[in-house]
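Trainee: All I have is the shape, not the residue letters:
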């Protein structure tokens, strides 16, 4: 679909300088185009300052420039360290699910909700290597490998669906975390979080002896953070887009070919080659320096596991699952949408990007931050830019 960028207003920008309470002078630039706000200024990691900044913001949509930097950056965790610290949880009594938890003494005493990080297609827990340490300074951070990815099971013959992943997330919240949690997802991980927050449960009430339908978000999900949310498990979810309609015959052909074992194996072997993966990653990252050898290994390693090919074929050829367009209006909890404007997979001018861009003017619980010069995986592409927007939002949520 090609790269896209957010159009800016035709009006001249308003520049002004100001001095904060510490005597620091900064320059702020604002452009108005609908609900878009562009502003470049220092960001404080102080929790109280973050709460104030988030609470006093009058716009639900902001665009943060690529020059932004954060002083709250933690260390980048090594892949080996992450893998050594991972734990196992048995889902439904048969599937081994890999997960990670990180906290320090400050985060344990912090009243803020725990966080659950949910990766995107082909990724796994180490894809959050640049975020875990920063977030764990004030929150208990969990990360999970979805079934079929990372070090979680890749069961033979399993039919992967978005609904199955959403149920996995809800069961993990219920059985492991056991507290209302903020879900932070990327790509299909975002969509799985949206579905999880949308699930209605039938509960038997005592002593009235009656059933009641409750929203899972009221008991398990405290908030949502969506990083370049996908429109479905695969591209068949957005058939209303004219570009996808043109490609439908090709998508059907790919589905047919992938269901031929020999052909699927040949394609998969080619895709998981280091050079191929590196080129794919370079095409979806805005910051090319973030595409290092560790990132290539994060994607390639689990792809060599037994069952990885079957998972790949099932996901690519399976049903796309629920569409976020139908789900988002029914979610009332606070939602932060972070969107890299250089995403070729879910471009801002595509149907999914356009929909999420319109949400702040429709839903008061949604805040949108456009990230300039960032691709499909903002958290790993330009983590400081993500933290600059995420930390104040989390602090405000924790205080509310």
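Mentor: Cool, got the structure. Keep in mind the model is a prediction, meaning the values are calculated, not measured.
Trainee: For the stretch 251-400 of the chain, which segments are assigned as helices?
Mentor: 261-271, 274-284, 293-303, 308-317, 324-327, 351-358, 378-381, 383-399 (DSSP state H, counting those that start in this stretch).
Trainee: can you give me the strands for this protein?
Mentor: 14-19, 25-30, 61-64, 87-91, 95-102, 115-118, 141-144, 181-186, 200-205, 210-215, 221-227, 335-340, 366-371 (DSSP state E).
Trainee: so for the second one, what's the average pLDDT?
Mentor: Pointing back at strand 25-30 there. For strand 25-30, mean pLDDT is 31.
Trainee: same thing with the first one?
Mentor: The average pLDDT for strand 14-19 rounds to 30.
Trainee: Kindly report the same for the fifth one.
Mentor: Across strand 95-102, pLDDT averages out at 98.
Trainee: Please point out which parts of it sit buried.
Mentor: 95, 97-102 (16 or more other CB atoms under 10 Å). Placement of C-beta: from N, CA and C, glycine included.
Trainee: Might you calculate how far stretch 331-343 sits from the centre of the chain?
Mentor: 8 Å (CA atoms, centre = their mean, to the nearest Å).
Trainee: Report the buried residues of that stretch.
Mentor: 331, 333-343.
Trainee: right, and out of these, which lies closest to residue 186?
Mentor: residue 338 (9.3 Å; CB to CB).
Trainee: ok, now which ones touch that closest one?
Mentor: Going by CB atoms under 8 Å, 6 or more residues apart in numbering, residue 338 touches 225-228, 369, 371, 378, 386, 389-390.
Trainee: Kindly give a single PyMOL line that selects the buried subset of these.
Mentor: Here is the PyMOL command that selects the buried residues among the contacts of residue 338 (16+ other CB under 10 Å):
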select buried, resi 225+226+227+228+369+371+378+386+389+390
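Trainee: Return the closest of the contacts of residue 338 with respect to residue 283.
Mentor: Nearest to residue 283 out of these is residue 228 (CB to CB; 14.3 Å).
Trainee: doesn't residue 377 make contact with the closest one?
Mentor: Yes. Using CB atoms under 8 Å, residue 228 is in contact with residue 377, at 7.3 Å.
Trainee: where do the contact lists of these two overlap?
Mentor: In contact with both residue 228 and residue 377: 186-187, 340, using CB under 8 Å, 6+ apart.
Trainee: and of the residues you listed, the nearest to residue 271?
Mentor: Once CB to CB is applied, the member of these that ends up nearest residue 271 is residue 187, at 16.7 Å.
Trainee: Pretty sure that closest one sits against residue 378.
Mentor: No. Between residue 187 and residue 378 there is no contact under CB under 8 Å: 10.3 Å.
Trainee: where do the contact lists of the two overlap?
Mentor: If you check residue 187 and residue 378 against CB under 8 Å, 6+ apart, the residues they both contact are 227-228.
Trainee: pLDDT of stretch 195-213, averaged?
Mentor: Here the average pLDDT along stretch 195-213 is 63.
Trainee: nope, stretch 381-399 is what I meant
Mentor: 97.
Trainee: Tell me which residues of that stretch come out buried.
Mentor: Those would be 381-383, 385-398, for stretch 381-399 by 16+ other CB under 10 Å.
Trainee: Show the low-confidence segments of the stretch 1-150 of the chain, by residue range.
Mentor: Scanning the stretch 1-150 of the chain for pLDDT under 70 picks out 1-59, 63-73, 105-109.
Trainee: Go again with 90.
Mentor: 1-74, 103-111 (pLDDT under 90).
Trainee: Just the helices from it, written as ranges.
Mentor: 47-56, 79-85, 105-109, 132-135.
Trainee: mind checking how far the last one is from the chain centre?
Mentor: Okay, so that is helix 132-135. Distance, centroid of helix 132-135 to centroid of chain: 15 Å (CA atoms, centre = their mean).
Trainee: With the second one instead?
Mentor: Once both centres are worked out by CA atoms, centre = their mean, helix 79-85 turns out to sit 21 Å from its chain's centre.
Trainee: Counting by contacts, list what it packs against.
Mentor: strand 95-102, helix 293-303 (3 or more CB pairs under 8 Å, 6 or more residues apart in numbering; DSSP states H and E).
Trainee: The last one now?
Mentor: Under the contact definition 3+ CB pairs under 8 Å, 6+ apart, helix 132-135 sits against strand 95-102, strand 141-144, helix 383-399.
Trainee: Minimum distance to residue 152: which of the ones you listed has it?
Mentor: Nearest of the helices and strands packed on helix 132-135 (CB to CB): strand 95-102, 4.7 Å.
Trainee: other SSEs contacting the closest one?
Mentor: Helices and strands touching strand 95-102, by 3+ CB pairs under 8 Å, 6+ apart, are helix 79-85, strand 87-91, helix 132-135, strand 141-144, helix 162-172.
Trainee: Would you point to the one among those that's packed deepest?
Mentor: strand 141-144 (a mean of 26; mean count of other CB atoms under 10 Å).
Trainee: What are the contacting residues of that strand?
Mentor: 97-103, 107, 114-119, 125, 128, 132, 135, 152, 168-169, 172, 176-177, 181.
Trainee: mind listing what that strand pairs with, with the direction of each?
Mentor: strand 95-102 (antiparallel), strand 115-118 (parallel) (DSSP bridges).
Trainee: Turn the ones you listed into JSON lines, including distance to residue 197.
Mentor: Listed next are the strands paired with strand 141-144 as JSON lines, based on distance: least, CB to CB, whole Å:
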{"stretch": "strand 95-102", "distance to residue 197": "19"}
{"stretch": "strand 115-118", "distance to residue 197": "12"}
